[in-house]
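J.: got a predicted structure plus its sequence, pasted below:
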Amino acid sequence: MKPKWGMIATWRMAYEGIVEAVQSLERKQYANDCVELAIRHVEDFPFYKSVGYGGLPNEQCEVELDAAFMDGNTLAIGAIGGIMDFKNPVSIARKLSEERYNNFLVGAGAEKYAHHNGFERTNMLTDRAKKWWDKRVKAIHEKGLSPYDGHDTVGMVCLDSMGNMATATSTSGLFMKKKGRVGDSPLSGSGFYVDSDIGGATATGLGEDIMKGCLSYEIVRLLSEGKHPQNAADQALYQLTDKLQRKYGTAGAMSVVCMNPDGEWGVSTNVEFSFVVASHDLEPTIYIANPQNKQTVIEVASEKWLDQYQKRIHQPV
Ligand code: GLY
């Protein structure tokens, strides 16, 4: 029987990283390495406004980044919050996952750790991101718009051909966030979770609401009951959306992707959401998901959608 492997990730921006990681998965490389490789690809691309280099800044026009890494065999976790001026947050998070203590570092402590461990220091604020920030500040003053917008975390779950699983996330968080604000992405159980015996999940959307339901852990818990990933994702996401509307009065945008050790996958969302999947029997494919009557409707992204996407991310500011 052909060995099974697979990878699923949030948002269209994950595509090129997944294409690269697939070549490694086909060569029987480890999930830990493949997920890091793919996320680094997204972090390095300057036109993605919500991850790594080119990510949108906080209200003080500083790019503070959050990231996490989890090894599904050992349950080792590494995470950083609010780190500034380091190139690949996911790699720093992975390095932290190898420590016995101090696995989750924030701000100056995370930067000190990155420096001591030889990670590359660089200015992560691009001219383009600064222009977006200027434009948003102007709109807030002139039109009274809400400052908060844009929180498209890249999150991935990976299964390699030996049955190892890993997950990782990376984000610049909520655009115009307060200095020091940390979202769900580096929080175990909220932005990500994986256990190689059960499966993994990762979330994107409004961190403040994802945290209220420990959404990624809830999906993995449902997988442990034997649910198909699609059912686990839909049940967890729509129950949390309903609960927040009932108890909290509103629910923000939330989307999840998940995969089990058989390479079966699921996705759920309460807004339009693009995602990418690749596996031993599926070429890297970009899909669009939409909510419909508490179920997720999935279709392959059309040429028109893909063209519009390219125009949108490269549009002049
Ligand atoms: N989901 C990313 C954030 O809220 O920061």
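T.: Great, that's in hand. This structure is a prediction, so every number in the text was calculated from the model and none was measured.
J.: pretty sure residue 67 is in a helix, no?
T.: No: going by DSSP: H, G, I helix; E, B strand; the rest coil, the assignment for residue 67 is strand, not a helix.
J.: now it: closest residue in space that isn't a chain neighbour?
T.: residue 89 (3.5 Å; C-beta to C-beta, 6 or more residues apart in numbering). Using the backbone N, CA and C atoms, a C-beta is placed for each residue, glycine as well.
J.: correct me if wrong: the one you found contacts residue 83.
T.: Yes: between residue 89 and residue 83 there is a contact under C-beta atoms under 8 Å: 5.8 Å.
J.: now for these two: what residues contact both?
T.: Residues touching both residue 89 and residue 83 (C-beta atoms under 8 Å, 6 or more residues apart in numbering): 65, 66, 67.
J.: now do the same contact list for the second one.
T.: Translated: residue 66. Residues near residue 66 by C-beta under 8 Å, 6+ apart: 79-83, 89, 169-173, 182-183, 185-186.
J.: for residue 222, state which of those residues is nearest.
T.: If you rank these by distance to residue 222 using C-beta to C-beta, residue 169 comes first, at 19.9 Å.
J.: wait, that closest one touches residue 155, no?
T.: Yes: counting by C-beta under 8 Å, residue 169 does reach residue 155; the two are 4.4 Å apart.
J.: which neighbours do those two share?
T.: Contacts common to residue 169 and residue 155, judged by C-beta under 8 Å, 6+ apart, are 185, 191, 192, 202.
J.: tell me how far the closest residue to residue 54 other than its chain neighbours lies from residue 52.
T.: Among residues not flanking residue 54 along the chain, residue 46 sits closest, at 3.8 Å (C-beta to C-beta, 6+ apart). Distance, residue 46 to residue 52, by C-beta to C-beta, to the nearest Å: 9 Å.
J.: please identify which of residue 89 and residue 83 sits among more neighbours.
T.: Comparing residue 89 with residue 83 by other C-beta atoms under 10 Å, the one with more neighbours is residue 89, at 34 against 26.
J.: longest single strand anywhere in the protein?
T.: The residue-count maximum for a strand in the chain (DSSP state E) belongs to strand 282-292.
J.: okay, and the closest residue to the ligand within the stretch 51-200 of the chain sits in which element?
T.: As assessed by C-beta to the nearest ligand atom, the ligand sits closest to residue 183 within the stretch 51-200 of the chain, at 2.2 Å. Assessed by DSSP states H and E, residue 183 sits outside every helix and strand.
J.: list phi and psi for it.
T.: Note on residue 183: its backbone torsions stand at phi -90, psi -160 [degrees, to the nearest 10].
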